[in-house]
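Undergrad: the following block contains a protein sequence and its predicted model.
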Amino acid sequence: DAGITQSPRHKVTETGTPVTLRCHQTENHRYMYWYRQDPGHGLRLIHYSYGVKDTDKGEVSDGYSVSRSKTEDFLLTLESATSSQTSVYFCAISDSRGSNNSPLHFGNGTRLTVT
Amino acid sequence: GENVEQHPSTLSVQEGDSAVIKCTYSDSASNYFPWYKQELGKRPQLIIDIRSNVGEKKDQRIAVTLNKTAKHFSLHITETQPEDSAVYFCAASKSNNNDMRFGAGTRLTVKP
């Protein structure tokens, strides 16, 4: 199994509060991703990173920000949580090089509930 | 952007039967097609992938076929077992994983 740790595993928070989810990898992979998983939508990309301090938006980035200050850590922040952000969040890593895709390896997920 | 549709959303088969899940994609430039299996409460895990330069790939009881002209690809599981029960996701991407799009998933149930 790829060395990916997500924390926390579960969180309940109130609407309007800030929330930060952490993803830590021990594989030294260049690429890191944050996805959310909702019934009927599969997995949707929120933000991704292609190196330290290099990040970009994904398909559903509104309301989220990210930071990557070290190769091994990728943080996802909800500045002001809303009920629509209740979801399961997965971090993923890959070692894509050049134009050749390589598989995504997912963490165990964080279940976030916004009340 | 890329759009991936996956059918059926649920599939129930008898142990030992075959299961087929189909996906279509919209962007003809897509060239990488992975399949992920997700057991209840667990993370998605890659089970097989195919690139656009081949039409079929097999790994024991699992095979994937790709029809680039029709822009669809399929997952075939033979001799299904109860432990194959899970949600399966297809995905498609172009030059890198940043544009990967996932299907909505198929819940496969294998009845003993």
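TA: Cool, the structure landed.

Undergrad: following the helix or strand of chain B with the lowest mean pLDDT in sequence, what is the next regular element?
TA: Least confident helix or strand of chain B, by mean pLDDT, DSSP states H and E, is strand B:101-102 with a mean of 92. Sequence order places strand B:106-111 as the next helix or strand after strand B:101-102, per DSSP states H and E.

Undergrad: so what does that following strand touch, helix or strand wise?
TA: strand B:10-14, strand B:19-25, strand B:86-92 (3 or more CB pairs under 8 Å, 6 or more residues apart in numbering or on different chains; DSSP states H and E). Heads up, the C-betas are built off the backbone N, CA and C, glycines and all.

Undergrad: for those strands, state which one has the densest average packing.
TA: strand B:86-92 (a mean of 24; mean count of other CB atoms under 10 Å in any protein chain shown).

Undergrad: strand partners of it, parallel vs antiparallel please.
TA: strand B:32-38 (antiparallel), strand B:101-102 (antiparallel), strand B:106-111 (antiparallel) (DSSP bridges).

Undergrad: quick one: which of those strands is nearest residue A:36?
TA: With CB to CB as the criterion, residue A:36 lies closest to strand B:101-102 of those, at 11.1 Å.

Undergrad: which residues does the closest one contact?
TA: Residues outside strand B:101-102 that contact it (CB atoms under 8 Å, 6 or more residues apart in numbering or on different chains): A:42-44, A:59, B:1-4, B:25, B:36, B:89-93.

Undergrad: look up how far chain A lies from the nearest residue to residue B:90 once chain neighbours are set aside.
TA: For residue B:90, ignoring the flanking residues on the chain, the nearest one in space by CB to CB, 6 or more residues apart in numbering or on different chains is residue B:23 at 3.8 Å. According to CB to the nearest CB, to the nearest Å, residue B:23 stands 11 Å off from chain A.
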